[in-house]
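In: return a 3D structure for these sequence lines:
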Amino acid sequence: MKFFIKPSGGRCWKTLRALRDSSRVSLHLEAEGLRSSLEGGSSLAKLSSDLAWVVDDIPPDSSGHSADEAPPSDNSPSSGSASGLQGPSLLESPRTSTPQSPSPSRPSGTQSTRESPFTDPIALQCSPAIGVEACLRMYQLASRRRAAEGLRRRQEEQERKVRAFSEMACQQLERFDKLREQKLQKDFRDFRDMMEKGRREALGRQRKLRAEHGLRAKLLALKLGEAEQQQRQKQAEQERLPVEEGQVSVRSLYTVQEEVLRLNRQLEASVQQHRDLLNVDLSAFQSRGTQLCGFISGLLPTTLDTGYPTAENQAGAEGALQEMRDLLFHLEQEISRATEVKEEEEAHIKGQESQGPQGPRAPAWTSAPSPSPEGTQEKEDPQLRVQDGTMHWYQRLQDASAKCELAFEDLSSSKDSQDRRIKMDLQKAATIPVSQISSSAGSKLKEVFDKLHSLLSGQPVQSGGRPVSVSLHPQGLDFVQYKVAEKLVKQGESEVASHPEAAFPIAAVASGIWMLHPRVGDLILAQLHRQCPYSVPFHPAFKEGMALEDYGRMLGYRVTDSKVEEQDHFLKRMSGMIRFYAAIIQLQWPYGDRQEAHPHGLQHGWRWLAQVLNLEPLPHVTATLLFDFLEVCGNALVKQYQVQFWKLVLVIREDYLPRIEAITSSGQMGSVVRLQQFLDKCLQRREIPVPRGFLTPSFWNS
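Out: Numbering: from 1, shown residues only. The predicted model follows:
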């Protein structure tokens with residue numbers, strides 16, 4: 001089927017402008033056809049049979065004009081030219097098999113009609129640009145068709161992938177479910193095994209605990225039986241103890257009477273022997289001894305009438321015995337002084353007879369010189385002066401300690417069970433209260449002091465649940481005095497070495513005991529000098545042929561299996577004992593008679609410092625002990641001696657300290673530097689601080 005299209009003038013220009021302005025379509029026109037179209041020539045446009053159907057779908061112009069009308073334009077050619085472009089166009093179309101419907105009417109009133117497919121070819125008047133527009137329409141439709149086809153293929157591909165992913169997800173989900181099921185089963189098996197294992201372990205522990213419980217029940221039954229047996233024995237012993245204690249008390253009372261009578265005979269013999277001494281009346285000693293013997297002799301019948309001696313009877317007998325001993329001691333002192341005076345007078349008379357009349361001769365100096373600041377400046381050899389005075393005092397104390405130790409040798413080495421029990425009870429009563437001394441309130445110290453004072457005074461005290469008294473054995477008092485002194489020094493050696501502030505409560509109790517029991521004070525000094533010769537002060541000399549172990553013991557070192565203790569431990573012990581000694585000389589028992597002088601007061605602190613400066617210093621030892629002594633006792637010495645003591649401190653800093661530095665190696669200057677810093681600080685501030693742990697009045701009032 002062929003169509004003949006008459007070209008329209010105005011529509012051709014519109015189509016060409018649209019093609020020119022389009023960015024998507026590139027149309028190739030033949031040069032001659034385009035030129036003829038632009039020139040407005042009329043020609044017939046032939047459309048291929050494949051594009052003939054496009055003409056039917058050409059929409060009307062949006063401006064309201066028909067396809068055959070050309071819109072007015074300034075750029076359009078003249079009307080004559082436009083009309084010249086009109087011409088018939090022949091279109092051959094193969095679409096003869098489908099019926100054609102009439103085309104819609106045009107706004108301009110023209111109507112293009114389509115004949116039946118069975119009619120002859122239709123000749124249509126059309127512009128040559130209709131072909132171009134048809135090509136564009138064909139290209140757009142083809143593009144849409146290709147796009148739809150591509151979209152359909154992509155959708156199918158996407159659906160295929162979705163199905164593949166869905167199948168893969170289902171497979172993975174099935175595998176996951178299977179693995180989870182396997183894991184749950186495994187966890188269940190593990191949990192079941194663990195529960196079974198725990199049940200078996202619990203059963204094992206239960207059986208073990210049952211066995212242990214049975215064993216403990218058996219042991220408890222055995223212990224209960226033993227406790228019941230011990231209780232029965234204890235009851236029997238308690239029933240028997242009063243009788244035995246009464247018998248022991250009676251024997252002790254008889255022993256005291258025998259001792260008093262023996263001492264009285266010795267006293268009477270001394271009085272009779274020295275009746276020829278002039279200006280000495282010894283009858284008072286003899287009469288007092290007779291009174292004490294009468295007191296003891298009158299005490300025995302009264303105690304036998306009442307059954308057994310009471311604690312008051314025992315205390316009275318012990319007091320009488322102690323007074324008799326003191327009486328004999330004072331008698332010997334009086335006889336010794338009178339003898340010395342008599343010998344001096346006889347020597348003086350002989351000297352006057354042989355040499356003629358001269359001035360009175362000075363008595364021989366036998367006691368230690370009184371300390372003074374100027375003592376350090378004397379011209380004589382200081383070492384000889386210390387040896388002459390201090391060593392005499394030192395030897396006298398050691399002899400007194402050895403004599404006391406020898407006095408209770410029988411009690412100490414006795415194999416008798418009764419004596420051994422008495423010795424253990426007395427030792428506990430003497431040492432346990434000393435071990436309980438602490439830096440707590442003053443009332444605690446008073447309780448300790450009262451226990452020791454009662455024990456040393458012959459009164460019964462509780463020890464191990466039963467009363468104990470020194471009257472239970474004739475050597476009990478010597479034993480207790482020695483043990484109390486020994487324990488106090490050991491506390492200074494061990495407790496003060498570890499806790500320096502503990503020196504003051506221990507020293508307070510020692511000072512109070514010393515004041516009421518002077519013999520215990522002498523034993524304390526003897527023990528202190530034996531354990532720490534630097535408290536004398538005394539530097540033992542090495543002698544030829546002496547073993548090093550023996551010389552180490554003389555210096556205060558502990559020697560065990562031929563091994564001497566380490567220097568640090570040795571200095572720590574020496575420091576503790578020097579601090580204990582420095583605390584004793586400045587403390588006075590606050591509950592005693594404050595009018596009574598201190599038995600070993602601050603003057604001995606001055607003496608100690610002065611004699612230390614008269615000795616050659618020792619490496620480590622001298623600097624350490626000087627620092628400890630000044631730190632504890634320096635404040636009290638400043639208050640007592642004031643300017644004179646500052647002169648002594650200045651001598652230590654300017655003269656004695658360089659001598660210590662000269663004998664100390666460079667790597668061991670710690671103690672020297674510490675002493676130097678302490679002295680510099682004190683001299684700069686013009687004061688020595690109160691020592692740590694000093695017992696203030698508030699301590700005793702608490």
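In: low-scoring pLDDT stretches of the stretch 401-550 of the chain, where are they?
Out: 439-443 (pLDDT under 70).
In: again, only using 80
Out: Counting by pLDDT under 80, the low-confidence segments of the stretch 401-550 of the chain come to 438-443, 463-465, 541-546.
In: where do the strands of it begin and end?
Out: In the stretch 401-550 of the chain, the strands defined using DSSP state E, counting those that start in this stretch lie at 461-463, 466-468.
In: what pairs with the first one, parallel or antiparallel?
Out: Right, the one you point to is strand 461-463. strand 466-468 (antiparallel) (DSSP bridges).
In: ok, and what's touching the strand it pairs with?
Out: 241, 311, 425-426, 428-429, 455, 460-462 (C-beta atoms under 8 Å, 6 or more residues apart in numbering). Where you see a C-beta, it was placed from the backbone N, CA and C, and this is true even at glycine.
In: before we move on, back to that, the strands of the stretch 401-550 of the chain: which one's closest to Val690?
Out: strand 461-463 (35.4 Å; C-beta to C-beta).
In: before we move on, the earlier item: which one, of the strands of the stretch 401-550 of the chain, ends up nearest to Leu613?
Out: Of the strands of the stretch 401-550 of the chain, nearest to Leu613 by C-beta to C-beta is strand 461-463, at 44.6 Å.
In: adding mean neighbour count and distance to Val649, write the strands of the stretch 401-550 of the chain out as CSV.
Out: Listed next are the strands of the stretch 401-550 of the chain as CSV, based on neighbours: other C-beta atoms under 10 Å; distance: least, C-beta to C-beta, whole Å:
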stretch, mean neighbour count, distance to Val649
strand 461-463, 17, 45
strand 466-468, 17, 48
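In: kindly reformat the ones you listed as JSON lines containing distance to Val673.
Out: Output for the strands of the stretch 401-550 of the chain, formatted as JSON lines (distance: least, C-beta to C-beta, whole Å):
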{"stretch": "strand 461-463", "distance to Val673": "49"}
{"stretch": "strand 466-468", "distance to Val673": "51"}
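In: circling back: show me which pair in the contacts of strand 466-468 is furthest apart.
Out: Leu241 and Leu455 (19.7 Å).
In: which of those two has more neighbours?
Out: For Leu241 versus Leu455, the count of surrounding residues by other C-beta atoms under 10 Å is larger for Leu455: 25 against 13.
In: got a list of what that one touches?
Out: Contacts of Leu455 by C-beta under 8 Å, 6+ apart are 429-430, 461, 468-470, 480, 484.
In: out of these, what pair is the most spread apart?
Out: Farthest-apart pair in the contacts of Leu455 is Ser469 and Val484; separation 14.6 Å (C-beta to C-beta).
In: these two: which is more packed in?
Out: Between Ser469 and Val484, counting by other C-beta under 10 Å, Ser469 is the more crowded of the two (29 against 25).
In: which residues does that one contact?
Out: Residues in contact with Ser469 (C-beta under 8 Å, 6+ apart) are 311, 314-315, 318, 455, 458-461, 476.
In: distance check, it against Gln314.
Out: Distance of Ser469 to Gln314, computed by C-beta to C-beta, to the nearest Å: 6 Å.
In: residues that sit against both of the two, list them.
Out: Common neighbours of Ser469 and Gln314 are listed as 458, 460 (criterion: C-beta under 8 Å, 6+ apart).
In: how about the helices in the stretch 151-300 of the chain?
Out: In the stretch 151-300 of the chain, the helices defined using DSSP state H, counting those that start in this stretch lie at 283-306.
In: typed the wrong thing, it's the stretch 351-500 of the chain
Out: Using DSSP H, counting those that start in this stretch, helices in the stretch 351-500 of the chain cover 382-407, 409-413, 417-435, 442-456, 476-498.
In: could you give the angle of the host helix or strand of Ala320 to helix 442-456?
Out: Ala320 belongs to helix 311-355 when assigned by DSSP states H and E. Relative orientation of helix 311-355 and helix 442-456, computed by axes from the mean of the first three to the mean of the last three C-alpha atoms, to 10 degrees: 80 degrees.
In: any low-confidence regions in the stretch 151-300 of the chain?
Out: 236-258, 268-300.
In: let's see 70
Out: Low-confidence segments of the stretch 151-300 of the chain (pLDDT under 70): 240-248, 275-283, 298-300.
In: is Met554 in contact with Pro540, as I believe?
Out: Yes. Proximity of Met554 to Pro540 meets the contact threshold set by C-beta atoms under 8 Å, at 4.1 Å.
In: any idea how far the closest residue to Leu571 other than its chain neighbours lies from Pro689?
Out: The shortest distance from Leu571 to any non-neighbouring residue, by C-beta to C-beta, 6 or more residues apart in numbering, is to Thr624 (5.4 Å). Going from Thr624 to Pro689 by C-beta to C-beta gives 19 Å.
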